[in-house]
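Q: after the sequence you'll find the predicted model.
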2 protein chains.
Amino acid sequence: MGNPFDGVDTSNTPYTIVSSDTHAGLQVEEYREYLESRFHPDFDEWVETRHMHRRLMEEVNGEYVAQWEGENELGLQGAYDPEIRDKELDADGIAGEVIFADGDAVTGQESPPFGAGLAAGQITDPELAFAGARAHNRWLEEFCATNPVRRAGVALVPVIHGVEQSVKEVEALADKPGIRGVMVPTMWHDNPSYGHESYDPFWAACADAGLVVHTHSGEGDWDAYNGNLAQFVLEVPFWTHRILWQLLLSGTFDRFPNLKYAVVECGSYWLGDLLWKADTSFGANSKVKKLNSMTKGLVEKLPSEYLGTNVFIGASAMSTEEIRRRHTNGIDALMWGTDYPHPEGSWPNTVERLETDFQEVSIEDTRLLLGLNAIECYDLDADGLGEIAARVGPTPEKLNQDPDLRTPDNAIREARWWFDAYGMEWKD
Amino acid sequence: MGNPFDGVDTSNTPYTIVSSDTHAGLQVEEYREYLESRFHPDFDEWVETRHMHRRLMEEVNGEYVAQWEGENELGLQGAYDPEIRDKELDADGIAGEVIFADGDAVTGQESPPFGAGLAAGQITDPELAFAGARAHNRWLEEFCATNPVRRAGVALVPVIHGVEQSVKEVEALADKPGIRGVMVPTMWHDNPSYGHESYDPFWAACADAGLVVHTHSGEGDWDAYNGNLAQFVLEVPFWTHRILWQLLLSGTFDRFPNLKYAVVECGSYWLGDLLWKADTSFGANSKVKKLNSMTKGLVEKLPSEYLGTNVFIGASAMSTEEIRRRHTNGIDALMWGTDYPHPEGSWPNTVERLETDFQEVSIEDTRLLLGLNAIECYDLDADGLGEIAARVGPTPEKLNQDPDLRTPDNAIREARWWFDAYGMEWKD
């Protein structure tokens, strides 16, 4: 298959940056017109609880809320205003973006009805779950249509609440030009887990529609934390990427070879070690015979071989340590993201951050991480994005990079040390 | 506090190896006499299910069962025969051992009544859970008394089924000479999670009694796997070490500074990255102000600073990659284990494995990993163990080690790269 960095443009052309993780959403009350009217009474009650949540946040964390919203007043309006949004993306050096729900991460005032976005798994009424998701999807289609080259929307599909209904939703989304993916609830709660065969019609529909399936960090096992948020923060990556292994080890990508899945905003530091463990234990080429039999006939390739084709990692604003581990974790699968307009990400200082963090990264690796992998994953309009990037993207020179630094041909093999250590066959 | 490897004997004296992970248990039916007679009817039914399980294992995996049991016929009897056991330990180079339940990992014929050992969390009737645990504990006391210098027993306490009763059990165990720890169920199921304050009397009792609290791999989220064992294998470390973060981040080691906890047989590869994440986010010295407040007043030190005092890692037969990461993961906390008489470990070829895997490790590091850390954790009789080791332990020369290789003074600081990368204060 060759190296993913072979043939990548190493000139000083500006980077086409695609943020694999942005958020957008209406102010909660404004979703009303996108929601079927029979849900309005429930909706009005829910809006009230959201406003109470806002007041609570102001009470417990008022100083931080005031500072964040004061310093970024205009930019935060880009959560729902396309003109402001484009200016913010321009200033941040971003050509394209993959858009998730929940614009407001600080006080939760831009969530889809009934919390159908990042906390969708916590909705217990399937009717409300689908109604809230559809309201957001209707608005998202309009929003993405304001600049279809630039925006790739991720629609909401609460598949744990009904596979059949979700298949219909996916079929309806298939021909919507701005929609490039769907997000499912991170946790399945009391429903079948994602490796269960009952979901197969849904994976088939997503593969047929060319829609990338996502989980995005947000949910955790709330009952377990006794109010201790540190426990949530430390284990939320597990809950977010758990579905990856459910899909992979149950052979979902073998049954649906066109299916793509991306896990978003849970870092990538955990990935290399799990690939080591999975590669050496499972898959046709693995060496642990006792374990190997567990996936025999289900999983045809080694787990790491699904990265960059079926599996992508929306790694958001990677730490420098995660950038350093890029060849272990998947140089053809990792996608930078700014998390705009959330405070945890790199916005509004993305270029400054790239200037520091990518100094020792080759230009070809940088192009993959910042844009090319996302273009591949979402089948985006590379030419159209390149035109925007020519205007707003930072150049390698701007990122203080050495124009002569090349990625060594054996970079991936060296980084995936377990092939040699366990005597496993390496396929070039 | 100085470096843990300072002053460690670097001569060619044989290693005092303490296996931090061995297993012992009666053949299921022989637990009857250790069980209160009112539970005998339930017990007889349970024994039948165990025998059915044996027949099932022979059907689906007969070739493997026959081979394993054939090749190791005598050694496997050491699960309950102390004389055979001591000969096996001798031949394997092992001076001391930390003993968990469930001698038979292949067909489950040496489990405590009602599965009160490694699968204790799956028992739903608290009465049976405690009855089964007590039966094993009675036998374990006798078994450890056969060679008290050598054997450190880990008793069973199903604390999720009753804190008050568990406290009494711990108080009763406190003066039993061969008992050095207690094992609690790995998962809490529908009960409060281990960070909940309702467990405080239990942690207090364990700290007072000088009994090390353990979780040992075994349980997983079985409902989630749809029969796909690979998913279990890949995520079982999470379920096993999850309690570590529940205890640490809820400030349990600050409230009970004498409490010790060890997580056993779930590897150590996951540890360094979680220490990086936890150190940089939580604790007095951390740099992420927004997250830092989550543990303020609860967690007084940095998470990595609890290793080697409150937290130990029963890392069993570490992979060479895990040995390589020893300074990141905790050179004063990691403890080698053979897993005797289970097939996943190094028995009966421990010395051969050490000869290969420890060639590039300094003698002082090796002494910590193979024995000194366990002696510290369990407060074992170092002199008594040393006498056994003089007879059975391999020397550094036998392990093909360079007698002049010393651990650099700054080895831990270099390995815990996040202190410098995040500008955190390093305490020597």
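A: Arrived safely, thanks for sending.

Q: use CA for all of it now, contacts and neighbours both
A: OK.

Q: burial count for A:Leu173?
A: Counted with other C-alpha atoms under 10 Å in any protein chain shown, residues neighbouring A:Leu173 total 22.

Q: tell me the contacts of it?
A: A:Ile179 (C-alpha atoms under 8 Å, 6 or more residues apart in numbering or on different chains).

Q: ok, now how distant is it from A:Ser166?
A: 10 Å (C-alpha to C-alpha, to the nearest Å).

Q: in the stretch 201-350 of chain A, which residue sits nearest chain B?
A: Scanning the stretch 201-350 of chain A for proximity to chain B using C-alpha to the nearest C-alpha identifies A:Ala224 as nearest, at 5.3 Å.

Q: grab the nearest non-local neighbour of that residue.
A: B:Ser193 (5.3 Å; C-alpha to C-alpha, 6 or more residues apart in numbering or on different chains).

Q: check A:Asn329 too.
A: A:Gly272 (4.8 Å).

Q: please apply the same query to A:Glu97.
A: Counting by C-alpha to C-alpha, 6+ apart, the residue nearest A:Glu97 is A:Ser19, at 4.6 Å.

Q: assumed the one you found was part of a strand.
A: Yes. Judged by DSSP: H, G, I helix; E, B strand; the rest coil, A:Ser19 forms part of a strand.

Q: wait, what's in contact with it?
A: A:94-98, A:316, A:335-339, A:370-371.

Q: per-residue pLDDT, the residue nearest to A:Ile363 when sequence neighbours are not counted?
A: Leaving aside its sequence neighbours, A:Ile363 sits nearest to A:Thr10 (C-alpha to C-alpha, 6+ apart; 5.6 Å). For A:Thr10, the model assigns a pLDDT of 97.

Q: next one: A:Thr10 relative to A:Glu397, how far apart?
A: Computed as C-alpha to C-alpha, the A:Thr10 to A:Glu397 distance reads 11 Å.

Q: okay, and the common contacts of the two?
A: A:Pro403.

Q: quick one: name whatever helix or strand follows the helix or strand bottoming out on mean pLDDT in chain A.
A: Sorting the helices and strands of chain A by mean pLDDT, DSSP states H and E puts helix A:289-292 at the bottom, at a mean of 64. Helices and strands here follow DSSP states H and E; after helix A:289-292, the next one along the chain is strand A:311-316.

Q: other SSEs contacting that next one?
A: strand A:18-23, strand A:261-264, strand A:334-336 (3 or more C-alpha pairs under 8 Å, 6 or more residues apart in numbering or on different chains; DSSP states H and E).

Q: SS state for A:Pro403?
A: Quick answer, by three-state DSSP: A:Pro403 is coil.

Q: mind listing what A:Gly345 touches?
A: The contact partners of A:Gly345, by C-alpha under 8 Å, 6+ apart, come to A:316-317, A:337-339.

Q: and it, what element?
A: A:Gly345 belongs to no helix or strand, assigned by DSSP H and E.

Q: let me see the backbone angles for it.
A: Note on A:Gly345: backbone dihedrals following degrees, to the nearest 10 are phi -90, psi -150.

Q: any idea how far it lies from A:Tyr261?
A: Distance, A:Gly345 to A:Tyr261, by C-alpha to C-alpha: 22 Å.

Q: low-confidence bits of chain A, can you list those?
A: A:1, A:283-292 (pLDDT under 70).

Q: now do the strands in it.
A: A:18-23, A:96-100, A:151-156, A:179-183, A:212-216, A:261-264, A:311-316, A:334-336 (DSSP state E).

Q: okay, now the sheet partners of the shortest one, with direction.
A: The one in question is strand A:334-336. Take DSSP bridges as the rule and strand A:334-336 pairs in its sheet with strand A:311-316 (parallel).

Q: the partner strand vs strand A:96-100, what angle?
A: 90 degrees (axes from the mean of the first three to the mean of the last three C-alpha atoms, to 10 degrees).

Q: okay, strand A:311-316 in CSV with CA atoms only?
A: Output of strand A:311-316 as CSV, limited to C-alpha atoms (Å, rounded to 0.1, in the frame of the first residue of the first chain):
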residue,chain,number,x,y,z
VAL,A,311,-10.8,3.9,11.5
PHE,A,312,-9.9,7.6,12.0
ILE,A,313,-9.0,9.5,15.1
GLY,A,314,-10.4,13.0,15.6
ALA,A,315,-7.5,13.8,17.9
SER,A,316,-8.4,17.5,18.3
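
Q: what sits against the closest residue in space to A:Tyr34 that isn't next to it in sequence?
A: Using C-alpha to C-alpha, 6+ apart and skipping residues adjacent in sequence, the residue nearest A:Tyr34 is A:Ala135, 4.8 Å away. A:Ala135 sits next to A:31, A:34-36, A:112-113 when contact means C-alpha under 8 Å, 6+ apart.

Q: for chain B, what are the nearby residues on the stretch 1-150 of chain A?
A: Residues of the stretch 1-150 of chain A lying close to chain B (C-alpha under 8 Å from any C-alpha of the partner chain): none.

Q: related to what we said a few turns ago, tell me how far the residue nearest to A:Glu97 lies from B:Leu247.
A: Going from A:Ser19 to B:Leu247 by C-alpha to C-alpha gives 37 Å.

Q: again, but for A:Met424
A: Separation of A:Met424 from B:Leu247 (C-alpha to C-alpha): 39 Å.

Q: so those two - more neighbours on which side?
A: Comparing A:Met424 with B:Leu247 by other C-alpha under 10 Å, the one with more neighbours is B:Leu247, at 20 against 14.

Q: got a list of contacts for stretch A:238-253?
A: In contact with stretch A:238-253 (C-alpha under 8 Å, 6+ apart) are residues A:186-187, A:193-195, A:200, A:203, A:215-221, A:259, A:261, A:263-264, A:266, A:295, A:298-300, A:303, A:306, A:310-311, B:225, B:228, B:230-231.

Q: now, of the residues you listed, which are buried?
A: Buried members of the contacts of stretch A:238-253, scored by 16 or more other C-alpha atoms under 10 Å in any protein chain shown, are A:186-187, A:193-195, A:200, A:203, A:215-220, A:259, A:261, A:263-264, A:266, A:295, A:298-300, A:303, A:306, A:310-311, B:225, B:228, B:230-231.
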